[in-house]
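Student: quick one, what's the 3D model for this:
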Amino acid sequence: MRHAVALGLAAAVLVLPATFVAPAGAAIEFETVRSITLDGDPLDTALSSDGRHFVVLLKGGKVQVFGGDGSPEDSLQVAETVASLEISPDGTQLFLLDAGKKKVEIVELSYMAQIDLSGSPVKGPADAPVTIVEYSDFQCPYCSRTVPLVEEVLKKNPQTVKVVFKQFPLVRIHQFAMPAALASMAAGKQGKFWEYHDKLFANSSKLNEEQLTAIATELGLDLDQFQKDRNDPTIRQIVNRDMQEAARNNVRGTPTLFINGRLLKNRSVEGIQQEIDKELKRLGKQGK
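Tutor: Below you'll find the predicted structure:
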């Protein structure tokens, strides 16, 4: 049996700092940087190999989930007969050993992404109940293929969906991904982010400095202001924030999409629409 559990913030967990100093002459020095007060008696613990998630099984079948730093994420209830657990390397699955029933149950965890939308480009009604967040790279060929999919979804859901674009330039493999990200935000300061966005993706395989300026010229931007804004530290801060946020949310590549904080796994129009409909139903909202 497979379960999906959406994780938010647990309320009843107290995190207390404490420091211990090793005795004089000790061969090993140690310092306890954080202690966690649990909701009950622990039976077993597991840490994902990527270090992002730590889980504790308590007597009575309660499982508390923490970030790798000990920060509380949520808790879930499993069978009281579960005696031990393991966690997958990426922290998305729990393997629960129920010795009494002679079975192992697999529980799938869906973590809610924490995303700061301030300062990011938005398309669609501001009060839309469903928000699609896209982490993207202007030199990524797969990202360029996502553009028409997102446009179709917006056309099908004009009142209930908005799209937020987040910058995630893959600077190690794409030379002009960062310059393009900064240029798009500079165009946004003149009200032309989405037009510039479309032109960048239409030319994603041949981006260079000349192309970035040519697109600005084609869109009628004030070029002096455009070049000045490309070097604006505020724009750089937003791009850096998006990149750091992507890392915290375990974004490993582009494009990566979230719908109201939930990772989208099926990047087709049908798959996106299915998740939108689920979210609208969960919120008690009508579609379109």
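
Student: pull up the distance across stretch 221-241, start to finish.
Tutor: Chord length of stretch 221-241, first to last residue, is 26 Å (Cα to Cα, to the nearest Å).

Student: so which residues of the protein form helices?
Tutor: 141-156, 177-188, 193-202, 209-218, 223-230, 233-248, 269-283 (DSSP state H).

Student: tell me which of the ones you listed lies nearest to F66.
Tutor: Nearest to F66, of all those, is helix 233-248, at 14.8 Å by Cβ to Cβ. (Each C-beta comes from the backbone N, C-alpha and C, glycine too.)

Student: related to what we said a few turns ago, tell me the most buried of the helices of the chain?
Tutor: helix 177-188 (a mean of 24; mean count of other Cβ atoms under 10 Å).

Student: show me what that one packs onto, helices and strands only.
Tutor: strand 161-167, helix 193-202, helix 209-218, helix 223-230, helix 233-248 (3 or more Cβ pairs under 8 Å, 6 or more residues apart in numbering; DSSP states H and E).

Student: these: which one's closest to L57?
Tutor: helix 233-248 (25.7 Å).

Student: that closest one: how far from the chain's middle?
Tutor: Its chain's C-alpha centre and that of helix 233-248 lie 13 Å apart, by Cα atoms, centre = their mean, to the nearest Å.

Student: packing partners of it?
Tutor: Against helix 233-248 (3+ Cβ pairs under 8 Å, 6+ apart) you get strand 161-167, helix 177-188.

Student: partners of the biggest strand by length in the chain in the sheet?
Tutor: Longest strand of the chain, by residue count under DSSP state E: strand 103-111. According to DSSP bridges, strand 103-111 forms sheet pairs with strand 2-7 (parallel), strand 93-98 (antiparallel).

Student: please list all residues in contact with the closest residue to V153 other than its chain neighbours.
Tutor: If the residues on either side of it in the chain are set aside, V153 comes closest to I272, at 5.1 Å by Cβ to Cβ, 6 or more residues apart in numbering. When contacts are counted by Cβ atoms under 8 Å, 6 or more residues apart in numbering, I272 touches I132, L149, V150, V153, L257, I259, L264, N266.

Student: quick one: mean pLDDT for the longest strand of the chain?
Tutor: The pLDDT scores in strand 103-111 average 91.

Student: stretch 151-164 now?
Tutor: Across stretch 151-164, pLDDT averages out at 97.

Student: so what touches it?
Tutor: 115, 117, 120-126, 128-134, 150, 269, 272-273, 276, 280, 285-288.

Student: touching, T254 and Y135? I think so.
Tutor: Yes: with contact defined as Cβ atoms under 8 Å, T254 reaches Y135; the gap is 6.0 Å.

Student: which neighbours do those two have in common?
Tutor: Common contacts of T254 and Y135 (Cβ under 8 Å, 6+ apart): F168.

Student: where does the protein dip in pLDDT?
Tutor: Where the chain drops to pLDDT under 70, the residues are 1-26.

Student: report the central residue of it.
Tutor: N249 (3.6 Å; Cα atoms, centre = their mean).
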